[in-house]
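take this sequence and fold it.
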Amino acid sequence: SDRGLIDCQQLYKLILERCKTAREAIRLTDELTAKYGWNDAGEMITISDTKEVWHLEIVGPGHGNLGAVWAAQRVPDDHVSVCPNESRIGEIDLDNSDYFMGSSNIVSLAVEKNLYDPDSGKPFNWKRAYSPAGFSANSSGGSRARMWRFFDLVAPSRKFSADTMNMDFPFSVKPDTKLSVQDVMNLTRDKYQGTKFDPAAGLRGGPFKNPNYHPRPVRVEGTTYFTPRTIGVNRAEYTTVTQCRDWLPDLLCGLYWHTPDDCFTTCFAPFYVGIERVPRSFTLGDIDRFSWDSAWWVYNFVSNLTYNCYSRIRPDVAKVQQEMEDAVFAMQPAVEE
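Numbers count the residues shown, from 1 in each chain. The predicted model follows:
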């Protein structure tokens, strides 16, 4: 075949099976795609170990449909970053190997494809060469507002404008205050509450202020109307928050928080990497057959019930949600001790 063999799903499995660090995973990605080819569209993969977090962006295929072109950047230890289905890596300095990595063809391919002019006097910029998407939260009617919303939530003192083009946001930022695990969970649940992009406001939310109507653009009589795409979307199959903690033994250092369905109406449960089995309710699930024995179906049932009368039911769901998660957080120190 003239197409590559490696796509993003296969890549995840291969690097997780073979690598112990994020840097090893990035180097193996380069080796595998060079030998077997890349068969996917542009992808961003966040790779972390107990010491570092890296964003890897990869597009392809390369010359002769083999290889790929890619860039990777490390998130500074006191910063946070986000990857909302958009390219995030800008200017790169491959001589600074502590923070940047890249394929050997990263500049030459851009020059060959007329994506970058080395005589322009401008430094090479990865996202402007390979993914120059020109949107802001305002210009897209909220459909590309997740970038702005993240930075506005974690660093409100920076006063990022909703008119800031997504290409112009920094790769990462130091948050105004340190973020807890619960803070990160709340970020994944955000639906632009209290902003002009709030999908529950006005007629858009209906009589029960439901933020989940029309999550994608709507076309009426030949005109497309954009609707806000929130960080937390009700069509999510699951949401995860992962902790990697180098001060704990291997069996405890990795903690995977998981909630099925729409995380706005469900609860996160902790799964330590050292467990020998997963609770039975989290192993069951048939998309075509409801079952009270399946955690996903129970969570999905609660979510859908909530949508029917959102403004009345959501407060009750939120109360139980908080009680259950608070109980787990309170128990966590004793479990780890």
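
what is the end-to-end distance of stretch 75-89?
Taking CA to CA, to the nearest Å, stretch 75-89 runs 11 Å from one end to the other.

what's that stretch in contact with?
When contacts are defined by CB atoms under 8 Å, 6 or more residues apart in numbering, stretch 75-89 is touched by residues 42, 44, 46, 52-55, 57, 71-73, 99, 126-127, 130-131, 133, 144, 146-147, 150-151, 154, 166, 171-175, 179, 231. Quick note: C-beta positions are derived from backbone N, CA and C, even for glycine.

try 6 Å
Residues outside stretch 75-89 that contact it (CB atoms under 6 Å, 6 or more residues apart in numbering): 44, 53, 55, 57, 71, 73, 126-127, 131, 146-147, 150, 154, 166, 171-172, 174-175.

against Asn166, how distant is Arg149?
Distance of Arg149 to Asn166, given as CB to CB, to the nearest Å: 11 Å.

could you do Ala25 as well?
Between Ala25 and Asn166 the computed distance is 27 Å (CB to CB).

which stretches of the stretch 51-200 of the chain have low pLDDT?
Per-residue confidence of the stretch 51-200 of the chain (counting by pLDDT under 70) places the weak regions at 61-66.

now the helices for it?
108-112, 126-130, 146-154, 181-189 (DSSP state H, counting those that start in this stretch).

next one: the third one to chain centre, how far?
By that I understand helix 146-154. Centroid separation for helix 146-154 versus its chain: 13 Å, with CA atoms, centre = their mean, to the nearest Å.

what about the strands in this protein?
For the chain, strands defined by DSSP state E occupy the ranges 43-48, 53-59, 69-74, 80-81, 100-102, 172-173, 218-220, 223-225, 238-244, 254-260, 269-272.

closest to Asn304 out of those?
Taking CB to CB as the measure, the strands of the chain were each checked against Asn304, and strand 254-260 came out nearest at 12.6 Å.

pLDDT of the closest one, averaged?
Across strand 254-260, pLDDT averages out at 95.

what angle do it and helix 181-189 make?
40 degrees (axes from the mean of the first three to the mean of the last three CA atoms, to 10 degrees).

note down every partner strand of strand 254-260 and its orientation.
In the sheet containing strand 254-260, its partner strands are strand 238-244 (antiparallel), strand 269-272 (antiparallel), by DSSP bridges.

in the last one, what's buried?
Within strand 269-272, the residues that qualify as buried are 269-271, counting by 16 or more other CB atoms under 10 Å.

make CSV out of those residues and add pLDDT and distance to Gln243.
Written out in CSV, the entries for those read as follows (pLDDT from 0 to 100; distance: CB to CB, whole Å):
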residue, pLDDT, distance to Gln243
Ala269, 96, 14
Pro270, 96, 9
Phe271, 97, 11
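
how many neighbours does Gly42 have?
Taking other CB atoms under 10 Å as the criterion, the count of residues near Gly42 is 17.

who's in contact with it?
Under the criterion of CB under 6 Å, 6+ apart, the neighbours of Gly42 are Val59.

hmm, back to that, tell me which of the helices of the stretch 51-200 of the chain lies nearest to Gly285.
Among the helices of the stretch 51-200 of the chain, if distance is taken as CB to CB, the winner is helix 181-189, at 20.8 Å.

what comes up buried for that closest one?
Per 16+ other CB under 10 Å, helix 181-189 contains these buried residues: 181, 184-189.

what's the closest non-adjacent residue to Ile26?
Of all residues not flanking Ile26 in the chain, Ala72 sits nearest, at 5.0 Å (CB to CB, 6 or more residues apart in numbering).

circling back: quick one, which of the strands paired with strand 254-260 is nearest to Lys159?
It is, among these and with distance given as CB to CB, strand 238-244, at 27.3 Å.

quick check: mean pLDDT across the closest one?
What strand 238-244 shows for mean pLDDT is 95.

so that strand versus strand 43-48, what angle?
Here strand 238-244 points in a direction 40 degrees away from that of strand 43-48 (the same axes, to 10 degrees).

chain center to strand 238-244, what's the gap?
Using CA atoms, centre = their mean, the distance between the centre of strand 238-244 and that of its chain works out at 10 Å.
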